[in-house]
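J.: here is the input, now give the coordinates:
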Amino acid sequence: MSMLFEIHPDNPQQRLIYQAALLIRDGELVAVPTDSGYAVVARLDDVDAAKNLRRIRGLDERHLLTLLCRDLSEIAHFAKVDNQQYRLLKLATPGPWTFILEATKEVPRRVSHPSRKTIGIRIPNHKVLLALIEEVGEPLLSTTFIPEGGEEVFTHYEDFIDDYKGQLGGVIAAESVPVNPTTVIDLSGKTPEVVRLGAGDPAQLGLAA
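T.: Numbering: from 1, shown residues only. Sure thing, here's the model as predicted:
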């Protein structure tokens, strides 16, 4: 049975954030609200948790998982970022963006793309999620919470809590969240490439859609 944490979206109760973080540290999956739909998160350095993340979505090993980070300095620990990329990241974050970057050796091999050695990274603009990342003390491994074979991301915990209660250790409820997924931009090549158009407007970063 999944534990339900009803957390205030603007003033997160630290006691509940701590309890949700304990589940993640113990290897459990937790469904969390973000600024672009729900996501499922797990501890970064956990082999079984990474497998379970892919299993809950029906994904294979080639699917890129995402690191949810607290700030730009944390990104630099897990991805190689040059000056031009840093300026773009600074302009975009926090917000509904996922950036594909060349992974550093700090990223577990099972998390990065098996052939390209890249990693998806983002800094969410959501107080509850940022508080959770802070409490865990390291980036969270994540995937957008979409039902297997589906296309639309979950936006309210009542839409999935009963169907996934055997697979999720915890669920954070913090009001409905926006339905649009993140805009994905690949920064691993010579020029930025918009891979998926979502909530973030590439024009804000001087990029064509």
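
J.: buried sites along stretch 170-181?
T.: Buried positions in stretch 170-181, judged by neighbour count with 16 or more other Cβ atoms under 10 Å: 170-174, 177-178, 180-181. In short, each C-beta sits where N, CA and C put it, glycine included.

J.: now the end-to-end length of it.
T.: 22 Å (Cα to Cα, to the nearest Å).

J.: can you tell me the average pLDDT over that stretch?
T.: Across stretch 170-181, the average pLDDT comes to 85.

J.: residues in contact with stretch 145-160?
T.: 4, 31, 36-40, 56-58, 144, 163, 171-173, 176-179, 181 (Cβ atoms under 8 Å, 6 or more residues apart in numbering).

J.: now the buried residues of stretch 170-181 in TSV, with distance to E74?
T.: Shown next, in TSV, are these (distance: Cβ to Cβ, whole Å):
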residue	distance to E74
G170	23
V171	25
I172	21
A173	26
A174	22
V177	23
P178	24
N180	24
P181	22
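
J.: quick one: the strands in the chain?
T.: With DSSP state E as the criterion, the chain has strands at 3-6, 30-34, 37-43, 66-68, 97-102, 118-122, 140-144, 170-173, 183-186, 193-196.

J.: pull the most distant pair out of the buried residues of stretch 170-181.
T.: G170 and N180 (24.5 Å; Cβ to Cβ).

J.: next, count neighbours for Q14.
T.: 11 (other Cβ atoms under 10 Å).

J.: quick one: the helices in this protein?
T.: With DSSP state H, the ranges of helices along the chain come out as 14-25, 47-57, 72-78, 83-92, 127-136.

J.: select, out of those helices, the one closest to G120.
T.: Using Cβ to Cβ, the helices of the chain put helix 72-78 closest to G120, at 10.6 Å.

J.: buried set for the closest one?
T.: 74-75, 78.

J.: what do you get for stretch 58-67?
T.: So for stretch 58-67, counting by 16+ other Cβ under 10 Å, buried means 64-67.

J.: same question, stretch 36-48
T.: 36-44, 46.

J.: please apply the same query to stretch 3-20.
T.: So for stretch 3-20, counting by 16+ other Cβ under 10 Å, buried means 3-5, 7, 12, 16-17, 20.

J.: determine which two of these are furthest apart.
T.: Farthest pair in the buried residues of stretch 3-20, by Cβ to Cβ: M3 and P12, 15.8 Å.

J.: which ones are touching the spatially closest residue to S36 that is not a sequence neighbour?
T.: Excluding its sequence neighbours, the residue lying closest to S36 (Cβ to Cβ, 6 or more residues apart in numbering) is P96, at 4.3 Å. Applying Cβ under 8 Å, 6+ apart to P96 gives the contacts 35-36, 124-125, 178, 180-183, 198-200.

J.: repeat that for 6 Å
T.: By Cβ atoms under 6 Å, 6 or more residues apart in numbering, the contact set of P96 is 35-36, 182, 199-200.

J.: among those, which ones are buried?
T.: For the contacts of P96, buried by 16+ other Cβ under 10 Å: 35-36, 182, 199-200.
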